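Undergrad: Quick one: sequence plus predicted model below, questions after.
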Amino acid sequence: MAEPQVGTTGRPQTMHVELGKVREFARAIKDDNPLYFDVSRAQREVGGVIPPPTFTQSLALWDDGGGRPPLGLDLRRLLHGEQEFEYVQPIHAGDVLTATSRVVNVFEKAGSRGGTMKFVVLESEFVNQHAAVVLRSRTTLIETGKVVKKD
């Protein structure tokens, strides 16, 4: 398998921030914040209904795999290490976002059970229909080291 390379990108993915999906997501995570449901209140307070902070992760449900850069990692040994969101501008119901993911860092560390762990940091940049960056999401993936058999 090819090694992950810094700078490699996936195909841009489009996400429609639909009011109904925002409400469904908020209900699914048991968050009753009125800014996710009450159109008139949200319009007065924040310019329109906003999605919960992790809503953009639902884009993965429609990604056929092309949105992820080729990583060449062994999925049987893959762990999700960390997730970070940096909101640059508000996202509102009705926005159309385009996300592009790229590899921003690759490094290795010795594993406590032997072998070497590989860390891959991905950054996804979300741009709205006005070409404004609204969100940067960073994900750290960890490929655990192969188990070292002791005789």
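TA: Sure thing, it's come through.
Undergrad: List the contacts of residue 59.
TA: Applying CB atoms under 8 Å, 6 or more residues apart in numbering to residue 59 gives the contacts 13, 15, 67, 97, 99. All C-beta spots, glycine's among them, are computed from the backbone N, C-alpha and C.
Undergrad: nearest spatial neighbour of residue 14, skipping sequence neighbours?
TA: Leaving aside its sequence neighbours, residue 14 sits nearest to residue 98 (CB to CB, 6 or more residues apart in numbering; 5.4 Å).
Undergrad: how close does the one you found get to residue 127?
TA: If you measure residue 98 against residue 127 using CB to CB, to the nearest Å, the figure is 5 Å.
Undergrad: Over to residue 107?
TA: Using CB to CB, we find residue 107 at a distance of 28 Å from residue 127.
Undergrad: which one of these two has more residues nearby?
TA: Neighbour tally, residue 107 and residue 127, criterion other CB atoms under 10 Å: the higher count belongs to residue 127, 17 against 9.
Undergrad: The more buried one contacts residue 96, correct?
TA: No. Taking CB atoms under 8 Å as the definition, residue 127 is not a contact partner of residue 96, at 9.6 Å.
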